[in-house]
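*Asks:* Return atomic coordinates for the entry below.
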Amino acid sequence: MASLNVGNLGEYLREQRRQAQLSLRQLADAAGVSNPYLSQIERGLRKPSADILQQLAKALRISAETLYVQAGILDERDRDEVETRAVILSDPSINERQKQVLLQIYDAFRKENAAEADQAPGADPAAAAGAEADAAADAAVDADVAAAAGTRADGAVPPTN
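*Replies:* Just a heads-up that it's a prediction; the model follows:
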């Protein structure tokens, strides 16, 4: 975890507040913090907790992960994964099972790419990781086909009442 980068965080918060056309007092009220405390954060004199950063992000209508990265609490690479997961989980056009399958496929691809990056000379991690990703994708397709046909993924017809 990186050290807290308070000066840049304060500058970033001030810029976001100005872009949102909010006064210091308006943002403080919306985030549930005191006006002097927010002023100290913006000037780099205070180190806000993750909870305070989340409240500020909500009031500014920006991602909390963005503020965590600015504060040095979260690594940039971690933010990308968190945001991808959040987008999948918040999509109202897919159901919970589909969201979980997408996350499984996403995890399998990330493992595959990490294995390729760490690959030792002569090894073939892509075969194992690729097989895992392919299996996850095949399982998702099988489940969708079975649901559309009114059968379970194992081919059995569910009992009717």
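*Asks:* for the protein, which spans come out with low pLDDT?
*Replies:* 1-7, 76-79, 120-137, 139-161 (pLDDT under 70).
*Asks:* Helices of that one, start to end?
*Replies:* 6-19, 24-31, 35-42, 50-60, 64-71, 76-90, 96-117, 125-149 (DSSP state H).
*Asks:* contacting residues for Glu42?
*Replies:* Contact analysis of Glu42 by CB atoms under 8 Å, 6 or more residues apart in numbering lists Gly10, Glu11, Leu13, Arg14, Arg17, Leu24. For the C-beta atoms, the positions are set from N, CA and C on the backbone; glycine is no exception.
*Asks:* Show me which of these is closest to Gln55.
*Replies:* Distance to Gln55 across these (CB to CB) is lowest for Leu13, with 11.8 Å.
*Asks:* if you skip the residues just before and after it, what's nearest to the closest one?
*Replies:* Nearest non-adjacent residue to Leu13, counting by CB to CB, 6 or more residues apart in numbering: Glu42, 5.5 Å away.
*Asks:* can you put the contacts of Glu42 in TSV and add neighbour count?
*Replies:* Shown next, in TSV, are these (neighbours: other CB atoms under 10 Å):
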residue	neighbour count
Gly10	22
Glu11	15
Leu13	24
Arg14	17
Arg17	20
Leu24	14
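*Asks:* from those, which is closest to Arg97?
*Replies:* Out of the contacts of Glu42, the member with the shortest distance to Arg97 (by CB to CB) is Leu13, at 39.0 Å.
*Asks:* who touches the closest one in this structure?
*Replies:* Here Leu13 is in contact with Ile41, Glu42, Leu56, Leu60, Leu67, Gln70 (criterion: CB under 8 Å, 6+ apart).
*Asks:* what's the most buried one of the helices of the chain?
*Replies:* Ranked by mean neighbour count under mean count of other CB atoms under 10 Å, the helices of the chain are led by helix 64-71, which reaches a mean of 21.
*Asks:* Mind exporting the C-alpha coordinates of that one to CSV?
*Replies:* The C-alpha trace of helix 64-71 is given here as CSV (Å, rounded to 0.1, in the frame of the first residue of the first chain):
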residue,chain,number,x,y,z
ALA,A,64,-14.6,6.4,-4.1
GLU,A,65,-11.9,4.3,-5.7
THR,A,66,-10.7,7.4,-7.5
LEU,A,67,-10.2,9.2,-4.2
TYR,A,68,-8.5,6.1,-2.7
VAL,A,69,-6.0,6.1,-5.5
GLN,A,70,-5.4,9.9,-5.1
ALA,A,71,-4.9,9.3,-1.3
